[in-house]
Structures are given as C-alpha cells and as structure tokens.
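Chemist: based on what follows, work out the 3D shape:
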Amino acid sequence: MLIGNARRIVVVGSVNIDLMLRCPQLPGAGETVLGEDLLQAPGGKGANQAVAAARLGAEVAFIGCIGDDPFGDQATAALCAALPGHVAMRHDAAPTEVLRQAAGHAAASRLAGAGHVIVTCCGNGAILAGKDGLLNSPAFPATVLDTTGAGDCFVGALAAALVGGQALPQAIVLAQHAAAFSVARRGAQAAMPRRADLPDWN
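Modeler: Got it, this is the predicted structure:
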C-alpha cells in the first residue's frame with residue numbers, strides 16, 4: 001500500500017519464525033527422513049516484504065497478528081529491530097482465517113481490473129503484462145543456496161524501487177537483482193539485501 005506522495009509503504013501481512021532443516025531427500029508417503037542443521041529465522045511473507053523494502057531505503061510500517069507464544073515474541077522482536085518504531089502487532093492465539101479470506105477476496109477483485117500484472121518465473125525471469133503487451137525481463141544469474149523468501153524479496157524490492165521513482169520495467173529489473181542476491185544466502189529476512197549490496201541501486 002502506498003500512502004500519498006510521501007513515499008511510504010505500509011504492509012499488512014503475516015509474520016512468523018521459519019524452521020528449516022537440511023534433508024538428503026523429500027520424504028515419501030509415510031516415510032521419516034532425518035534432518036540436520038536446524039535453522040530458526042524470522043519469516044512470514046508480509047514481514048519478509050517489509051524488511052526487503054526497508055533495507056533498500058523505503059520508509060516502511062508493518063501491521064500484523066502473531067501468536068501468543070515464544071515464537072511470536074521472537075518474530076515480533078526481530079521485526080521491531082528491522083523496523084524500529086513502525087510495527088503494530090496484535091498478539092492473539094486465535095486463527096486469522098477471516099482476515100485471510102477478506103484479503104484474498106480483495107486481491108482477486110483488484111486483479112480483475114488491474115492495469116498491470118507481473119508473473120515471476122523463478123530462473124526464467126519475470127513477465128510484465130500491461131496495456132502495451134508483454135515484456136519479458138530475464139533473471140539475474142545466481143548461485144542458488146536457499147529460495148526461501150525470494151518472492152517476498154522481489155515484492156519488497158519492487159515496492160521500494162517504485163516509491164523511489166523508478167518506472168515499472170526498471171523497478172522489475174532492480175527487484176530481480178535483489179531476489180537473485182537473496183537466493184545465494186540461507187534464510188528469508190536474513191538474506192534480504194541492503195542498498196550497499198546492490199550496485200545497480202546506487
């Protein structure tokens with residue numbers, strides 16, 4: 001959500017703690033696979049996008065709902081550190097299905113009349129569909145270590161580039177660069193780049 005001309009971003013979304021293990025293969029039906037190297041890291045699609053935009057210079061605020069448990073406290077502390085003074089969090093043990101359904105209906109309604117649609121295709125780049133037709137933006141080369149949060153990084157970086165005055169096609173290129181940087185590192189928010197990490201942004 002962009003507010004006025006002040007170049008601010010407000011994210012209303014999910015926040016959680018990611019639990020990641022390295023496993024030799026995906027388990028089959030009824031199979032137990034041993035994992036190792038457990039990593040606990042801040043995550044959540046909304047929180048990831050907020051952190052990505054903030055690290056690239058945008059002024060970002062976050063609104064969300066989190067569980068009343070130690071993971072909730074850990075996730076909230078991490079987000080408050082990333083966005084000091086700009087986090088409004090409700091602690092609630094109840095599910096937020098109603099909120100998710102409302103957001104889904106709103107997104108679907110908006111998409112039906114959207115002026116532009118962006119489809120990300122992982123290593124195949126991104127496609128922008130607009131009034132001038134289709135524009136294919138190739139992906140940046142990357143050494144892939146962990147794709148957790150790559151899409152969130154793309155969205156947050158795209159928002160930061162747009163509020164920074166970039167035209168949509170160039171904003172997509174910058175967002176792809178940010179996402180390519182993130183997949184070469186483990187974790188979601190931990191892998192989000194800062195402006196200094198991306199020469200194209202400076």
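Chemist: could you say which helix or strand holds the one residue sitting closest to the centre of the chain?
Modeler: With distances taken as C-alpha atoms, centre = their mean, Asp152 lies nearest the centre of the chain, 1.9 Å away. Taking DSSP states H and E as the criterion, Asp152 maps to helix 150-163.
Chemist: what are the contacting residues of that helix?
Modeler: Among residues not part of helix 150-163, those counted as contacts by C-beta atoms under 8 Å, 6 or more residues apart in numbering are 2, 7-9, 45, 48-54, 56-58, 118, 120, 126, 168, 170-172, 174-179, 181-183, 188, 191-193, 201. Placement of C-beta: from N, CA and C, glycine included.
Chemist: and these, which of them are in strands?
Modeler: Mapping those onto strands (DSSP state E) picks out Leu2, Arg8, Ile9, Ile118, Thr120, Ala126.
Chemist: where do the helices of the chain begin and end?
Modeler: Along the chain, counting by DSSP state H, helices occupy 45-55, 70-82, 97-112, 150-163, 168-182.
Chemist: pretty sure Ala178 contacts Arg195?
Modeler: No. The pair Ala178 / Arg195 is not scored as a contact, 9.7 Å apart, by C-beta atoms under 8 Å.
Chemist: of these two, which one has the most company?
Modeler: Ala178 (30 against 15; other C-beta atoms under 10 Å).
Chemist: against Gly125, how distant is the more buried one?
Modeler: Distance of Ala178 to Gly125, given as C-beta to C-beta, to the nearest Å: 14 Å.
Chemist: likewise Gly72?
Modeler: Separation of Gly72 from Gly125 (C-beta to C-beta): 37 Å.
Chemist: look at the two and report which has more neighbours.
Modeler: Taking other C-beta under 10 Å, Gly72 and Gly125 do not tie; Gly72 has more neighbours (19 against 16).
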